[in-house]
Each structure stands twice: as C-alpha cells, then as structure tokens.
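1. sharing a model that was predicted from the sequence below.
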Protein chains: 2
Amino acid sequence: MNEQGAEAPGLLQGHYLEDLSVGQVFETGRYEMTPEAIKAFASKFDPQPFHTDEAAAEKSFFGGLVASGWHTGSATMRMLVDSGFLADGFIGGGAEVTWPRATKPGDILRVRGEVLEIKPSRSKPDRGMVTAEVTTLNQRDEVVQRMVTTLVVHRRPA
Amino acid sequence: MNEQGAEAPGLLQGHYLEDLSVGQVFETGRYEMTPEAIKAFASKFDPQPFHTDEAAAEKSFFGGLVASGWHTGSATMRMLVDSGFLADGFIGGGAEVTWPRATKPGDILRVRGEVLEIKPSRSKPDRGMVTAEVTTLNQRDEVVQRMVTTLVVHRRPA
C-alpha cells in the first residue's frame, strides 16, 4: 500500500518466460501516494517547488502539490515487484515513459500490464526479452503514467 | 554529491526558453551512489535481491550489488535540478530511457546534456517544449543511462 509494500493482489505469482503469452494481462496491488512521501521523495531526488512545498505549488503550473514523475515511476516499479508477476528477478533494459497527468497527494495508484512481445534469447538459453505495456492508474481510472518497457525474464530453472 | 545535494557546477544558472539553442551542451555536478543509498532506495521502490543484498547479488545476473534503474534515473533528475540549467521549474512530459550498464556501489555519476529541439508553444506564450539528450556517466566515462526527454520550459517573465 506504500513504501513498506504494495497490497498483494494474490492473483499471479512467479511467472517464468514460458508462462507468459502475448496479450496476457496482469494487474498489481494498490499504492497510496501520501503528501509526506511525495515531499520526502522530491526533497531527495527532484527538489522543485511544486513537488516539495504546498504553498509554492499552488502558485505553480500545477496549481497544487504533485509527485515527481520519478516517484510515480518508482512506485510503479514497487507495485510490479510486489505483484510477483515476474519470478526470480527481472532486469529492465529500457523504457519509454510518459506522464499524461500528475499524481496528487492521496492518490491510490495501481498498475495494469499487458505482454506485447516475447523473444527468447538466441545466445543465452536461460532467458528472454519481454516487452510490456505498463499503465499506472489513479483511483479515478485516470492514467498517470504510460510505459512501454523491455525486461529480461528468466526461463524456469531446469 | 548525494541526496543532500549534487555538487554545484557553478557554471550555468537559470536558463529560460530564450536562452537555449539547439546543439547547446551542459554538464551537471557529480553524485555519489553509496551502497547504503542503493540498498535504501531499492528496499522502498525495487526490492529485488540484486539491489538490496550483497550476498544474493553475487549469485545473480549482475555478479554483485547494482542500483535500481529508477535510482539512477532519480539521481540524474537531482543532478539536473541542482545544476540550475533550467530556471524556475521544468516539467517532464516524457522520456525514453535505457540503462546500457549497471550503476555500482561507489560510482560517482555526472550528467551531460544536449539540446536537440526547441518548440515554442503556439497556444501558451509563456512556455515551450525542449527535447534534450541526457547522458549519465560514471567515473570511468561509461554510460549508465541514456535518456531523451521532453521538458516544458518557461519563457523569461516579462
């Protein structure tokens, strides 16, 4: 539900490469973005006034406090890891990220993912590359982050 | 130099949209990725064993502890903000990110940026969109993150 751990969805556990299929959809647990966490993250990593100070944020572009996009991305990562959808560690090769709408204090986020492509590695038989669309939604089903990411996923150990 | 603030480069301060030109290059201060910070970030946002536990990391894909890509991205953001290159707050519309090499404990990162494109907004005369290539390097000049990002940058107030 927060930095101590996303709520476990209890639906999907430990997928290896051979368990995945193109078009497969998954959903994570939820994650609350508190004003305290938004300001703490931003004070470390993105200390712009609209992320760290309510009064300054009211006079900004956003009209109020909003989370750093990197905080939304990091929270998304936590939900993905906690979902247990991918087994035994997965490694991100890269990502295309957009933030169509700001994450605001009190937002309850969740992630919906879809497997777009699966490519077994030719040179390394223990793994493959999986491309997924990962959409982060708030409690009103509005998209706060859209990401297409390529992951290294392990095959099931022999 | 760390989460308390990147070393100030003292070279470039407060660029508004009209101060930028295509091809312009900038460099930020440096940022140290300590093992403690790598594990603390990952325990909150990316709790996979190769980010949180030295012993488990040694047996992993990476052969040792490495930073979460989101940590490298967040540190990059901190260096960008602290560099003062862009004035008065800037807002990320999106980014394409790759992590060609892992960030390791003790790495000293810095960022080199280049302005690729500048588009004044037609509908909102106080701002424009700037596309920049933002490369994060370690102390051996190896690229740990490559990013092309689009930013909303303010015009100088009248």
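-> Received it, and whenever you're ready, just let me know what you need.

2. biggest helix in chain A by residues?
-> With secondary structure taken from DSSP state H, chain A has its longest helix at helix A:69-83.

3. got the contact list for the helix or strand following that helix?
-> Counting by DSSP states H and E, the element after helix A:69-83 in chain order, helix or strand, is strand A:91-98. Residues from elsewhere that reach strand A:91-98 (CB atoms under 8 Å, 6 or more residues apart in numbering or on different chains): A:69, A:73, A:129, A:145-152, B:61, B:69, B:93-99. For glycine as for every other residue, the C-beta is placed from the backbone atoms N, C-alpha and C.

4. run the last query once more with 6 Å
-> A:146-152, B:69, B:94-98 (CB atoms under 6 Å, 6 or more residues apart in numbering or on different chains).

5. closest one of these to B:Thr136?
-> Nearest to B:Thr136, judged by CB to CB, of those is B:Val97 at 9.7 Å.

6. hey, C-alpha coordinates of the longest helix of chain A in PDB?
-> C-alpha atoms of helix A:69-83 as PDB (Å, rounded to 0.1, in the frame of the first residue of the first chain):
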ATOM      1  CA  GLY A  69       7.400  11.700 -12.300                       C
ATOM      2  CA  TRP A  70      10.300   9.700 -11.000                       C
ATOM      3  CA  HIS A  71       8.300   9.000  -7.800                       C
ATOM      4  CA  THR A  72       5.400   7.700  -9.900                       C
ATOM      5  CA  GLY A  73       7.800   5.600 -11.800                       C
ATOM      6  CA  SER A  74       9.500   4.200  -8.700                       C
ATOM      7  CA  ALA A  75       6.100   3.500  -7.100                       C
ATOM      8  CA  THR A  76       5.100   1.700 -10.300                       C
ATOM      9  CA  MET A  77       8.300  -0.400 -10.000                       C
ATOM     10  CA  ARG A  78       7.400  -1.300  -6.400                       C
ATOM     11  CA  MET A  79       3.900  -2.500  -7.500                       C
ATOM     12  CA  LEU A  80       5.400  -4.600 -10.300                       C
ATOM     13  CA  VAL A  81       7.900  -6.300  -8.000                       C
ATOM     14  CA  ASP A  82       5.400  -6.900  -5.200                       C
ATOM     15  CA  SER A  83       2.800  -8.300  -7.700                       C
END
